[in-house]
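Asker: coords please:
(chains A and B)
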Amino acid sequence: MLRKQAQIATDHVAFEAFYRRHVDAVTRFLARRVDDPHTVADLVAEVFMAVLDSAHTYRAELGSEIAWLYGVARNRLSTERRRSFKEWRLTSRVSGRRPLDSDDIAKLEERIDAERPARQIFMAMADLPEGERAVLELVVIDQLTVTEAAMALGIRPGTAKVRLHRARRTLRALPFVMEGTPA
Amino acid sequence: MSFEEEILMELKAEITARAQRRRRTGRRLLTGAAVAGLAAAAAIMVPVLTGAERPAYAVTKHADGTISVKLNELRDADELEQDLKRMGVPADITYLEPGKWCKEGRGEIVGGGSEWKDSASDKAARLGLSGLEIDPRYVGEGQTLVMAFSENTDQTSGRKTPEVAWQFAAYVVNGPAKPCVVVDNPIWDDVDGPGLPPAGS
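Answerer: Residues are numbered from 1 along each chain as shown, chains lettered A, B, ... in the order given. Now for the predicted structure:
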């Protein structure tokens, strides 16, 4: 209200354009990390909801929209992981799910299947320190540049470069780690 | 409808709901700050206003006796005062530079105690969707409607810090108002700070 709002948070047309530009990439980003269609759909909604809250943090000069959006998605995802761990401990019942029809589920399962190799890579990366794993994952799996990955994680590009280098050295026996854009 | 379209619809509804909440909060802030005895302050986004040929303001008197003032630019305060006087509302209007404000103590404020809400000061002038709405019934014999406006002329996007777009204070005093002593506004740029109740309160 008092703050200068980014246009996408206040303007239907601008928001819709932004949403359509990125909803597919965000869905794939989440399907690489979560294998349940309902959770993926819920998270897509949450990520764009979080966009409305944090649109004022996006600054074009710092990097691409997608890098910023992946940063938002990562944050939602870690909230989701904490919550699902808690739910798993408290109860096995899953409730309050977004209703999905069979077309939606089929489409999401297709995405989730397509991203299966990526999820397997995640498991191989599981033992890396969190900071290194985050950079490697964004560069190798999500195909961001190191600078974009740094933006998504809110760290300096130099720091991201060092972490990427370390992660690659640790995992150099695995074929995928040298993929992704070099700069 | 696919889940993508459904999510988009939900989000658009959320954008609309948020815009409505922002407008309501703006009005609450206005009242809240006045109760606190500070210069009442509200800030709502206004479009960038250009064009020297346009009149600075437009006054409309309605059948129910209320007056609407659409402010295009913060200039010609004296003329607006005269127009309002002709319509039976003695008013004291001050336009200030961004970051400036009138020092307190411009007269005995009607409703300045604890009963601000629904007092004459609260009801005499309000910001509505179409601009300033004045109700002359709440400005009694010998009283003056005091209003101060300050607009941030820098409405360009891409600023790093949140900024107040404009501030507005209105209240009724007994007798004529004392002249405005311009001081630095301590709560300018203090968007969610201690000077104002938190957004949504």
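Asker: what about the helices in chain B?
Answerer: Secondary structure of chain B, counting by DSSP state H: helices at B:3-35, B:77-86, B:120-124.
Asker: please identify the deepest-packed of the ones you listed.
Answerer: Burial of the helices of chain B is given as mean neighbour count (mean count of other Cβ atoms under 10 Å in any protein chain shown); helix B:120-124 ranks first at a mean of 22. For glycine as for every other residue, the C-beta is placed from the backbone atoms N, C-alpha and C.
Asker: show me what it is packed against.
Answerer: With contacts defined as 3 or more Cβ pairs under 8 Å, 6 or more residues apart in numbering or on different chains; DSSP states H and E, helix B:120-124 has these neighbours: helix B:3-35, strand B:166-174.
Asker: does A:Ile66 belong to a helix, a strand or coil?
Answerer: Following DSSP: H, G, I helix; E, B strand; the rest coil, A:Ile66 is assigned to helix.
Asker: could you do the one 5 residues further on as well?
Answerer: Classification of A:Gly71 using three-state DSSP returns helix.
Asker: tell me the contacts of it?
Answerer: With contact taken as Cβ atoms under 8 Å, 6 or more residues apart in numbering or on different chains, A:Gly71 is in contact with A:Met151, A:Ala152, A:Leu153, A:Gly154.
Asker: how close does the closest residue to the third one other than its chain neighbours get to A:Gly71?
Answerer: To tie it back to what came earlier, the one meant is A:Leu153. Computed as Cβ to Cβ, 6 or more residues apart in numbering or on different chains, the closest residue to A:Leu153 that is not its neighbour in sequence is A:Ala134, at 5.6 Å. For A:Ala134, the distance to A:Gly71 (Cβ to Cβ, to the nearest Å) stands at 10 Å.
Asker: overlap of the contact sets of these two?
Answerer: With Cβ under 8 Å, 6+ apart as the test, A:Ala134 and A:Gly71 both reach A:Leu153.
Asker: picking that back up, which one of the helices of chain B lies closest to B:Ala177?
Answerer: Judged by Cβ to Cβ, the one of these that comes nearest to B:Ala177 is helix B:77-86, at 10.8 Å.
Asker: give me the helices and strands touching the closest one, please.
Answerer: Judged by 3+ Cβ pairs under 8 Å, 6+ apart, helix B:77-86 is in contact with strand B:57-61, strand B:67-71, strand B:91-96.
Asker: tabulate those (CSV), appending mean pLDDT and distance to B:Ala125.
Answerer: Formatted as CSV, those follow (pLDDT from 0 to 100; distance: least, Cβ to Cβ, whole Å):
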stretch, mean pLDDT, distance to B:Ala125
strand B:57-61, 84, 13
strand B:67-71, 84, 9
strand B:91-96, 87, 9
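Asker: which one of the ones you listed lies nearest to chain A?
Answerer: Counting by Cβ to the nearest Cβ, chain A lies closest to strand B:91-96 out of these; the figure is 17.7 Å.
Asker: compute the number of surrounding residues for the residue nearest to A:Leu153.
Answerer: By the measure other Cβ atoms under 10 Å in any protein chain shown, the count of residues near A:Ala134 is 21.
Asker: contacting residues for it?
Answerer: A:Arg74, A:Ala149, A:Leu153, A:Arg163.
Asker: out of those residues, which is most surrounded?
Answerer: A:Ala149 (30 neighbours).
Asker: please, which helix or strand holds that residue?
Answerer: helix A:146-153 (DSSP states H and E).
Asker: report all helices and strands that that helix contacts.
Answerer: Against helix A:146-153 (3+ Cβ pairs under 8 Å, 6+ apart) you get helix A:65-90, helix A:130-136, helix A:157-170.
Asker: for chain A, what are the low-confidence residue spans?
Answerer: A:1-7, A:56-63, A:82-98, A:173-183 (pLDDT under 70).
Asker: let's see 50
Answerer: By pLDDT under 50, the low-scoring segments of chain A are A:1-5, A:89-96, A:181-183.
Asker: could I have the CA atoms of stretch B:124-137 written out in CSV?
Answerer: This file holds the C-alpha atoms of stretch B:124-137, laid out as CSV (Å, rounded to 0.1, in the frame of the first residue of the first chain):
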residue,chain,number,x,y,z
ALA,B,124,-15.6,16.6,7.6
ALA,B,125,-13.0,15.6,4.9
ARG,B,126,-12.1,12.1,3.7
LEU,B,127,-10.2,10.7,0.8
GLY,B,128,-12.6,8.7,-1.4
LEU,B,129,-12.1,6.9,-4.6
SER,B,130,-12.8,10.1,-6.6
GLY,B,131,-10.7,12.4,-4.5
LEU,B,132,-11.3,14.5,-1.5
GLU,B,133,-14.8,14.4,-0.1
ILE,B,134,-15.9,17.2,2.1
ASP,B,135,-19.1,17.3,4.2
PRO,B,136,-19.8,20.9,5.1
ARG,B,137,-22.2,19.8,7.9
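Asker: okay, buried residues for that stretch please.
Answerer: Using 16 or more other Cβ atoms under 10 Å in any protein chain shown as the burial criterion, the residues of stretch B:124-137 that qualify are B:Ala124, B:Ala125, B:Arg126, B:Leu127, B:Gly131, B:Leu132, B:Glu133, B:Ile134, B:Asp135, B:Pro136.
Asker: and it, average pLDDT?
Answerer: For stretch B:124-137, mean pLDDT rounds to 80.
Asker: now stretch B:15-29
Answerer: 68.
Asker: ok, now stretch B:77-87?
Answerer: The predicted model assigns stretch B:77-87 a mean pLDDT of 87.
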